[in-house]
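Participant: need a 3D model of the sequence below.
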Amino acid sequence: MKMAICHYSLRRRWVEEKWDIERLIQQVKALGADGIDFHAGLIGSWRGAGQTIREALLKHKFALAGISLSNNFNQENPDLLQAQVKNVIDWLRVAAETSAGVARIFGGNVTQETRKNSVKVAVARRQILDGLSYVTREAEKLGITLALENHDGMPCTAEEQVEMIRKINSPRFKATVDIGNYLQGGQDALVGVRIAAPYAVLVHLKDFKKVPDKTARWGWNVEPCVPGEGEVNIKACLEALDDVSYKGFVALEYEAAEDEKTGVLKSVKYMNEVMKGYKR
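Facilitator: Numbers count the residues shown, from 1 in each chain. Predicted structure coming up:
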């Protein structure tokens, strides 16, 4: 496994200090990471992004772990769905231009209230699968592997994630295993990782603390924290990935409230400790 850092981990400094792509790469490399996972939403426009990323990576001799896309295919309005699809395809072309190989993708937003209605859930699943099927065909043409994340929505649990991967049924459609996000769906992190690990082409590492919440179906919600300080058994999750011979990037996705200048450093230190036996 190789250690990477997600662009999103430094999102506040990116905005507040007005970083550009080259500055971000310098900061991530200085932290001792092996690669970087760019976030399309933070970059903004896809126009010219491919060339800028490619040239900056070559200049600093740094690896690209992937490009993370943010999309929502649960759209009842056909025009809105088409706009989401178009944005994904535009960024897939950027991914191809940078030889990213892997692009993180979401399914769609589905609230806990919607989850109570089986008819609405079925409609959402169909719309999301339609969007994913369309962009997968484009990814196949471009030689990019889409990596479906277990994000808060659909899919959220590992079972939903694997179900969608099997439905799409493409060698270019696999999984981003976000080891923390399973908790957002009420699923133990290790249980989720063990189910989805065989499909992993990208891993996001984060941690959450449980916070009592009577409105949630399972009685609690989550609060981001520095890895190693929360509920996720990160060491066991890495073991589960190693059990299926996962050799890709494990990218820190820091979301805690603590200042990124100290929180990211703590997170990287922790990752170096827990990944000692798995780095290749």
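
Participant: who does Ala63 form a beta bridge with?
Facilitator: Gly35 (DSSP bridges).

Participant: what separates the lowest-mean-pLDDT helix or strand in the chain from the chain centre, distance-wise?
Facilitator: Least confident element among the helices and strands of the chain, by mean pLDDT, DSSP states H and E: helix 112-115 (a mean of 88). How far helix 112-115 lies from its chain's middle: 23 Å, per C-alpha atoms, centre = their mean, to the nearest Å.

Participant: which positions within the next helix or strand after that helix qualify as buried?
Facilitator: Downstream of helix 112-115, the first helix or strand assigned by DSSP states H and E is helix 118-142. Neighbour counts over helix 118-142 (16 or more other C-beta atoms under 10 Å) mark 124-125, 127-129, 131-136, 138-139 as buried. C-beta: built from backbone N, CA, C; applies to glycine.

Participant: quick check: which helices or strands does the host helix or strand of Leu80 pack against?
Facilitator: Using DSSP H and E, Leu80 sits in helix 78-97. Judged by 3 or more C-beta pairs under 8 Å, 6 or more residues apart in numbering; DSSP states H and E, helix 78-97 is in contact with helix 49-60, strand 63-68, strand 102-105, helix 118-142.

Participant: look at stretch 147-166 and report the distance between its end residues.
Facilitator: 13 Å (C-alpha to C-alpha, to the nearest Å).

Participant: can you list contacts of that stretch?
Facilitator: 66, 72, 74, 102-110, 121, 124-125, 128-129, 132, 173-178, 181-182, 184-187, 191-196, 199, 201-202, 204 (C-beta atoms under 8 Å, 6 or more residues apart in numbering).

Participant: could I get the helices and strands packed on helix 78-97 in CSV, plus columns for distance to Val232 and mean pLDDT?
Facilitator: Below are the helices and strands packed on helix 78-97 laid out as CSV (distance: least, C-beta to C-beta, whole Å; pLDDT from 0 to 100):
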stretch, distance to Val232, mean pLDDT
helix 49-60, 30, 98
strand 63-68, 20, 98
strand 102-105, 19, 98
helix 118-142, 26, 96
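
Participant: I'm done for today, thanks for sticking with me.
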